[in-house]
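Enquirer: Next comes the sequence, and after it the predicted model I'd like to discuss.
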Number of protein chains: 4
Amino acid sequence: METSSPASSRRTSIGSQRNPDSEEAILSAAEAILREAGLAAFSIEAVARRAKAGKPTIYRWWPSKAALLLDVYHRQKHHGHMPDTGDVRSDLALFVTSLLAFWRDDGGAIFRSLIAEAQSDPAALEALRRYLLERWRQSGAIIQRAQKRGEVRPEIDSDLTIEILSGFAWSRLLTGRLDCSEDEIRAVIDAVVGGIAAR
Amino acid sequence: METSSPASSRRTSIGSQRNPDSEEAILSAAEAILREAGLAAFSIEAVARRAKAGKPTIYRWWPSKAALLLDVYHRQKHHGHMPDTGDVRSDLALFVTSLLAFWRDDGGAIFRSLIAEAQSDPAALEALRRYLLERWRQSGAIIQRAQKRGEVRPEIDSDLTIEILSGFAWSRLLTGRLDCSEDEIRAVIDAVVGGIAAR
Amino acid sequence: METSSPASSRRTSIGSQRNPDSEEAILSAAEAILREAGLAAFSIEAVARRAKAGKPTIYRWWPSKAALLLDVYHRQKHHGHMPDTGDVRSDLALFVTSLLAFWRDDGGAIFRSLIAEAQSDPAALEALRRYLLERWRQSGAIIQRAQKRGEVRPEIDSDLTIEILSGFAWSRLLTGRLDCSEDEIRAVIDAVVGGIAAR
Amino acid sequence: METSSPASSRRTSIGSQRNPDSEEAILSAAEAILREAGLAAFSIEAVARRAKAGKPTIYRWWPSKAALLLDVYHRQKHHGHMPDTGDVRSDLALFVTSLLAFWRDDGGAIFRSLIAEAQSDPAALEALRRYLLERWRQSGAIIQRAQKRGEVRPEIDSDLTIEILSGFAWSRLLTGRLDCSEDEIRAVIDAVVGGIAAR
DNA sequence: AACTAACCGAGACGGTACGTCTCGTCTTATG
DNA sequence: CATAAGACGAGACGTACCGTCTCGGTTAGTT
């Protein structure tokens, strides 16, 4: 990180405009702190210290801790891995598997923090909600394709189905049980796709 | 609250043992703060102030903010509403409906706080996890009864099924969308019980 | 007090530098508390409250209670009243009289506190010691002038003589007997200057 | 210490009277704490802990920290070493030397604490004052004997003379400079007995 | 070329909460 | 009724962050 900066000593103003080096340094620092030490260690003070930035610079561009968290989460790569194998079970299994894997490897600490922050900051809650509705809408395409193929009944609400699977993933993330076996994921998909009722 | 105390002036020690009046006052104060002002306003300091208790008294009995939160949550009534209508769809619908209603009316603010706290406090996470596994096991009885009646396939993992429904409820709680219509809940139950696949 | 500030509302930062208004407010508050309520009421918390300053602001500039006490004592006027009447008896009588008067009117409560604090805080003890050695050295000039005039034997240690008189004053201060008559002071001076031995 | 107690486990009431074992244990503990860790570590709490006594037991018999300190100081041996060599200079030198030695070896920490405490506790101040006046009166006998022998002028106030020497000793005690050379002590005695004035 | 405007870092400011310590009071159970 | 034990309300301790502010300096655009 921070490779774009001129390797030299001190970062300063570049005139009456946002300094992208500072932005980059701040986001990098925030991400690193979350990843290395978790939400408890994540404070504006700590980010400023690590990014060698002034606190007002952070407050100028991110009105709240949640806004910074959201930006950090957005910087992650993942977004929009949209499986399309032609089989709804495989697509959904890949969806859940890759989500859990992403959280396990990288973004989990950040997303957990975002959810936690949203529980006390209404602005964060609103931002999170908006972000999620969009994400679920996107991922709903998996279901909609399956409906076009005739695999899934047409009256099924695609977003709601995604929210069910996503909710299961949240449950695992927020209780620290991301190490979910293939079998468990298959069982979840089977339940949602095939139902649990006796034939 | 605090009606049990002798209406007189000051609460004090009752010897070398825990004073139940103090415990009650602290839990009441904690609950009131969470309900009225939310997690952001919930601090040991504030609880002590409102309960007219010394901070060490709180720290003596609750080692962390999370422990206090958990106790406050436990004091709520709800726990263990276990529908048994003889029909798995009705049972599960009641399960989800009553959970959301309970959170909407009373315990939501507290449980949200508990989850949020668990994201930065490992001890809270562990306590939450233990609590949930037990709750899911209890609620899993709904599925197991249905399996005995032949309504649900025997190889289905009852706890996992409950976690799926519970996860959906979490998703609604944590994104502030507890006002869930009957139809939506029915759709969720239908998906999980009957599956989404075309017949 | 605080007349220098703009009489308006709130004192705040003036950039990356010590705010003299805050310093003044803190020292004034500390002095007032000591004078009005004594050492027992003197706490960093109380000073912060009265000065309308944050505790960290105090700890930033004064590492210990003793450092603050010392600064408060230094702010007093007295310092360096150095009588030079041409007669050693008169000089010393003035020295003791004005010291006791100063303590009686103003600085006594503060200096008592400083000595008390030094009995449990090594840093305070060291600061006090350094301060006193310097003060005795200064006051020793009274003796040295008398030696030059031939009033006092040349082999007499001027600092030690001052410490004897100063010690007597301490005894009076620390036992709350500052209301010392002229006669008593004269008797003390006579003893030290003329000795108690029969001629 | 504590050798008088029955070496067995638990000390308890001996009926409606003061238990001397407890008193002994408390005074011993108080003395040990002062000697080993100084005034800063001296708290009723600490004394009770070390003496394995209940706090109320201490508060019952000693109304204030100062009262306990005074009792501890009284338990020391020293008291009343009253030199009588027939020579006032020798007597006074012994008086000062043995006082400083006693404080250096044993009682200094305790007496310093007592003086410090008296600066914030009026009751302690009063107790200290009464104790000192008595002590000075006793030690004044040194001067009075010398007056009878004709060594010291009859109009000299014996108590005041003792207070001067005592004040010098206080100065050394309270500034942590008890390591006073023989020469310095002699110089002090010479000043007071013979005066500093040129012949 | 001078001026303004917004940015930058630094860090002080008044606050609040933290978790720990001791205070002096209280009530118990034990003898 | 004294004792050891220990809980209680109170509040100070010194530290960490909060979000705001002012500073001195830098660099664009605008005159």
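Expert: Good, I have the coordinates.
Enquirer: what about the residue in chain A positioned nearest to chain C, neighbour count?
Expert: Minimum separation of chain A from chain C (CB to the nearest CB) falls at residue A:54, amounting to 10.2 Å. All C-beta spots, glycine's among them, are computed from the backbone N, C-alpha and C. Neighbour count for residue A:54, taken as other CB atoms under 10 Å in any protein chain shown: 11.
Enquirer: Quick one: residues contacting the closest residue to it other than its chain neighbours.
Expert: Nearest non-adjacent residue to residue A:54, counting by CB to CB, 6 or more residues apart in numbering or on different chains: residue A:48, 6.5 Å away. Neighbour list for residue A:48: A:26, A:54-55, A:57-58 [criterion: CB atoms under 8 Å, 6 or more residues apart in numbering or on different chains].
Enquirer: host element of residue A:48?
Expert: Using DSSP states H and E, residue A:48 sits within helix A:44-51.
Enquirer: mind giving me the domain ranges of chain A?
Expert: When chain A is parsed with automatic domain parsing, its domains come out as A:1-61, A:75-194.
Enquirer: winner for burial among those?
Expert: domain A:75-194 (a mean of 18; mean count of other CB atoms under 10 Å in any protein chain shown).
Enquirer: for that domain, what is the average pLDDT?
Expert: On average, the pLDDT along domain A:75-194 is 91.
Enquirer: Closest approach to DNA strand F from chain A, which residue is it?
Expert: Ranked by CB to the nearest atom of the strand, the top residue of chain A for proximity to DNA strand F is residue A:15, at 2.4 Å.
Enquirer: Confirm that residue sits in a helix?
Expert: No. Assessed with DSSP: H, G, I helix; E, B strand; the rest coil, residue A:15 is coil; it does not lie in a helix.
Enquirer: Tell me the pLDDT of residue A:4.
Expert: 40.
Enquirer: other SSEs contacting whichever helix or strand residue A:189 is part of?
Expert: Taking DSSP H and E as the definition, residue A:189 sits inside helix A:182-194. Judged by 3 or more CB pairs under 8 Å, 6 or more residues apart in numbering or on different chains; DSSP states H and E, the packing partners of helix A:182-194 are helix A:88-102, helix A:158-174, helix B:158-174, helix B:182-194.
Enquirer: Next, work out how far apart residue A:105 and chain D are.
Expert: Distance, residue A:105 to chain D, by CB to the nearest CB, to the nearest Å: 51 Å.
Enquirer: and that residue, how far is that from residue A:29?
Expert: Going from residue A:105 to residue A:29 by CB to CB, to the nearest Å gives 20 Å.
Enquirer: thinking again about what came up before, nearest to residue D:110 among the helices and strands packed on helix A:182-194 would be which one?
Expert: Taking CB to CB, helix A:158-174 is the member of the helices and strands packed on helix A:182-194 nearest to residue D:110, at 59.0 Å.
Enquirer: helices or strands up against that closest one?
Expert: Using 3+ CB pairs under 8 Å, 6+ apart: helix A:158-174 touches helix A:88-102, helix A:108-118, helix A:122-149, helix A:182-194, helix B:158-174, helix B:182-194.
Enquirer: Tell me which of the ones you listed lies nearest to DNA strand E.
Expert: helix A:108-118 (15.6 Å).
Enquirer: what about the closest one, near DNA strand F?
Expert: No. Judged by CB under 7 Å from any atom of the strand, helix A:108-118 and DNA strand F are separated, with a smallest distance of 10.6 Å.
Enquirer: Same check on stretch A:23-30?
Expert: No. Against DNA strand F, stretch A:23-30 shows no contacts by CB under 7 Å from any atom of the strand, the least distance being 11.0 Å.
Enquirer: Which residues outside that stretch are in contact with it?
Expert: Contacts of stretch A:23-30 with the rest of the structure, by CB under 8 Å, 6+ apart, involve A:1-2, A:4-5, A:11, A:42, A:47-48, A:50-53, A:57-58, A:61, A:68-69, A:71-72, A:75.
Enquirer: does any part of that stretch sit near DNA strand E?
Expert: Yes. Interface with DNA strand E: stretch A:23-30 contributes A:23, A:25 (CB under 7 Å from any atom of the strand).
Enquirer: Excluding residues flanking it in the chain, which one is nearest residue A:143?
Expert: residue A:158 (3.6 Å).
Enquirer: So that neighbour sits against residue A:148, correct?
Expert: No. Here residue A:158 lies out of contact with residue A:148, judged by CB atoms under 8 Å, at a distance of 11.1 Å.
Enquirer: Spit out the contact partners of residue A:179.
Expert: residue A:104 are the contacts of residue A:179 under CB under 8 Å, 6+ apart.
Enquirer: Excluding covalently adjacent residues, which one is nearest to residue A:98?
Expert: residue A:81 (5.2 Å).
Enquirer: And residue A:127, by the same measure?
Expert: Computed as CB to CB, 6+ apart, the closest residue to residue A:127 that is not its neighbour in sequence is residue A:70, at 5.4 Å.
Enquirer: Give me the contact list for the regular element (helix or strand) spanning the one you found.
Expert: Per DSSP H and E: residue A:70 is located in helix A:65-75. Helix A:65-75 has contacts (CB under 8 Å, 6+ apart) with A:26-27, A:30-31, A:34, A:42-44, A:47, A:58, A:62, A:107, A:110-111, A:113-114, A:117-118, A:121, A:123-124, A:127-128, A:131.
Enquirer: Please see if it touches DNA strand F.
Expert: Yes. Residues of helix A:65-75 contacting DNA strand F under CB under 7 Å from any atom of the strand: residue A:65.
Enquirer: distance between that helix and the chain's centre?
Expert: Distance, stretch centre to chain centre, for helix A:65-75: 9 Å (CA atoms, centre = their mean, to the nearest Å).
Enquirer: ok, the residue of chain A found nearest chain B - contacts?
Expert: Residue nearest to chain B within chain A: residue A:195 (2.9 Å; CB to the nearest CB). Listed by CB under 8 Å, 6+ apart, the contact set of residue A:195 reads B:191-197.
Enquirer: same thing with residue A:169?
Expert: The neighbours of residue A:169, taking CB under 8 Å, 6+ apart as the test, are A:96, A:99-100, A:103, B:167.
Enquirer: Recalculate using a threshold of 6 Å.
Expert: Contact analysis of residue A:169 by CB atoms under 6 Å, 6 or more residues apart in numbering or on different chains lists A:99-100.
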